[in-house]
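S.K.: Predicted model and sequence follow; I will ask about them next.
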Amino acid sequence: MYLVFLGAPGAGKGTQATRVCEKYNIPHISTGDILRANIKQGTPLGVEAKKFIDKGLLVPDEVVIGLVKERLGEEDCKKGFLLDGFPRTLEQAEALGKFAKITHAINIQVDEDLVVKRIAGRRMCKCGESYHISWYDKDACQKCGEKLYQRDDDKEETVKSRLEVYKKQTAPLIEYYKQSGVLYDVDGAQEMNKVFEDIVRILDDND
Ligand code: AMP
């Protein structure tokens, strides 16, 4: 299975993607995670990407397309993959279509007010786990014990521009994948386990 996860920031893409990849044993490719790792290591790509990420803007298409193309060319992607946070523009979707055949685009739907609440309370661990202050009030990660932090771009002023960017540039991809006949909507406002069950049902029923 060759999957794309669509949804606004805070829709739960990362959380669900981690679980889906564990279940189906496919690589989880998150462009956001790759870019953040580059920022942390101070690579030229990271330095360039940070300028956009800090403003809540998208990193230029040619940069992310090159990065994903290279990653999908690796051996572990031959039997399947899950793309989380890519594509985010029509140009990216069209480029992706030239080097991969997407079998399912899972669209995690969540209203804007819920997304804002989720992002404001989101806390991350560098191991990749994410939490929400409404159900987890400790400072350390349950899995690895590292101290949790808030992503810089989860702060209120950046969230607004990320949502605007989503509406203008990424939401049109829903129609794009609908036209391709591979779009599946999931109600992302449901409890986390229920969202996961719905995704699994879609993938198992439309193999
Ligand atoms: P995410 O972790 O997916 O929310 O991504 C964090 C930030 O990384 C986004 O707000 C963008 O600035 C950048 N980014 C991630 N994926 C992409 C992409 N496919 N195209 C452009 N920018 C991206």
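M.R.: Ah, there it is.
S.K.: What mean pLDDT does the strand or helix carrying residue 177 get?
M.R.: Per DSSP states H and E: residue 177 is located in helix 172-179. Mean per-residue pLDDT for helix 172-179: 98.
S.K.: Report how many residues lie close to the closest residue to the ligand within the chain.
M.R.: Nearest residue of the chain to the ligand: residue 32, at 2.0 Å (CB to the nearest ligand atom). Bear in mind the C-beta positions are built from the backbone N, C-alpha and C, glycine included. Residues near residue 32, counting by other CB atoms under 10 Å, number 20.
S.K.: Contacts only, for it.
M.R.: 14, 84-85 (CB atoms under 8 Å, 6 or more residues apart in numbering).
S.K.: of those, the lowest pLDDT goes to which?
M.R.: For these, the pLDDT minimum is residue 14, 91.
S.K.: That one and residue 25, how far apart?
M.R.: Counting by CB to CB, to the nearest Å, the gap from residue 14 to residue 25 is 18 Å.
S.K.: that older thread, and the strand or helix carrying the residue of the chain closest to the ligand, how far from the chain's centre?
M.R.: With elements taken from DSSP H and E, the one containing residue 32 is helix 31-41. Chain-centre distance of helix 31-41: 13 Å, with CA atoms, centre = their mean, to the nearest Å.
S.K.: got the CA positions of stretch 64-78 in CSV?
M.R.: What follows is stretch 64-78, C-alpha atoms only, in CSV (Å, rounded to 0.1, in the frame of the first residue of the first chain):
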residue,chain,number,x,y,z
VAL,A,64,10.6,18.9,-0.5
ILE,A,65,10.0,17.1,-3.8
GLY,A,66,13.7,16.3,-4.2
LEU,A,67,13.8,15.1,-0.6
VAL,A,68,10.8,12.8,-0.9
LYS,A,69,11.9,11.5,-4.3
GLU,A,70,15.2,10.4,-2.9
ARG,A,71,13.6,8.8,0.2
LEU,A,72,11.0,6.9,-1.9
GLY,A,73,13.9,5.5,-4.0
GLU,A,74,15.2,3.6,-1.0
GLU,A,75,14.8,-0.2,-0.7
ASP,A,76,12.3,-0.1,2.3
CYS,A,77,9.8,1.8,0.3
LYS,A,78,9.5,-0.8,-2.5
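S.K.: near the ligand at all, that stretch?
M.R.: Yes: Stretch 64-78 is in contact with the ligand by CB under 6 Å from any ligand atom, via residue 64.
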